[in-house]
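A.B. asks: Sequence first, predicted model second:
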Amino acid sequence: MGFQISKAVIPAAGLGTRFLPATKAMPKEMLPVVDKPAIQYVVEEAVDAGLHDVLMITGRNKNALENHFDHVSELEETLRKKGDHDKLKKVNQSTDLADMHYVRQGDPLGLGHAVLRARMHVGREPFAVLLGDDIIDARDPLLKRMIEVQGERNATVVALLEVPESQTHMYGIATVEPTDVEDVVKITGLVEKPPAGEAPSNLAIIGRYVIRPEVFDVLEKQEPGKGGEIQLTDALMKMAGAEEWTGGVYGVVFRGRRYDTGDKLDYIKAIVQLASDRDDLGPDLRAWLTEFVADE
């Protein structure tokens, strides 16, 4: 059996260039998805899975992230005086979510390098990595399932999603073998963003990982890969090939609701989908959308 996992690592040092000029002075992780910044959904997911110790890997101009998860005394006092307890509760929700920690990535050398910066905080225990571009619907608890599988197999676990063949060049793609559990596969190969038509499968790695600490030993010696960056995918591939030392790498095939906020069109779709499901916004929004589409 594996260790009890308590720590989540959230890399958030990217420049968000796809959303310029909105991200010129504001971190892309703070872009609102309906009425919460994207990063809050990710932290809430970690907490819902029982991970209350959250380390965020940040970079320059990311102070807004720390501010969002801290107290804002003047705002809280103003809302108290107004008796606006609903808004005060929403403000305090992000403050009280988790035990938040921050470390700078420094050089932007890729996702593998960002994860390596968590080494001192994580120590020698398994931990979760959540990427901010993927929002997993709270009704489809992926991370809890991954932690469960990690504990059963004492291995590294990644989240996999079936994607159309036309999109495989956008993801890390896995070669897999079935196990005795329907939603769990054993990973035998990984390739980062294969050229169109050359993907070994349609199972893409999405932004959730539960990783054994041996990854740090691998990343420390990892040579830069695709794009001149230290790729986490390359390190996981080495771990998959050293099962006697690392426990191997398994995948949980996710068939729930996922919202991609890393691309402008998908970001807009995520807002519409999440707002449509809300009791306070959904009925009016769905009625307007029906009318708008008919007019178009």
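C.D. replies: Perfect, thanks for sending it.

A.B. asks: From here on, just use CA atoms for contacts and neighbour counts.
C.D. replies: Fine.

A.B. asks: Could you pull up the mean pLDDT of stretch 55-67?
C.D. replies: Summarised as a single mean, pLDDT over stretch 55-67 is 89.

A.B. asks: quick one, strands of the stretch 101-250 of the chain?
C.D. replies: Taking DSSP state E, counting those that start in this stretch as the criterion, the stretch 101-250 of the chain contains strands spanning 127-130, 134-136, 156-162, 172-178, 184-192, 203-211, 249-253.

A.B. asks: Just give the number of residues close to Gln150.
C.D. replies: Using other Cα atoms under 10 Å, Gln150 has 28 neighbouring residues.

A.B. asks: State the distance from it to Gly207.
C.D. replies: Distance, Gln150 to Gly207, using Cα to Cα, to the nearest Å: 16 Å.

A.B. asks: And for Asp35?
C.D. replies: Noted for Asp35: a distance of 22 Å to Gly207, by Cα to Cα.

A.B. asks: can you check Arg258 too?
C.D. replies: From Arg258 to Gly207 the distance is 10 Å (Cα to Cα).

A.B. asks: okay, and the common contacts of those two?
C.D. replies: Any residue near both Arg258 and Gly207 by Cα atoms under 8 Å, 6 or more residues apart in numbering counts here, and that gives Asp134.

A.B. asks: Which among the strands of the stretch 101-250 of the chain is found nearest to Pro21?
C.D. replies: Judged by Cα to Cα, the one of those that comes nearest to Pro21 is strand 134-136, at 21.3 Å.

A.B. asks: Touching the closest one from outside, list them.
C.D. replies: 38, 41-42, 45, 142, 206-207, 256-262.

A.B. asks: Identify those among the residues you listed that sit within helices.
C.D. replies: Counting by DSSP state H, the members of the contacts of strand 134-136 that fall within helices are Ala38, Tyr41, Val42, Glu45, Leu142.
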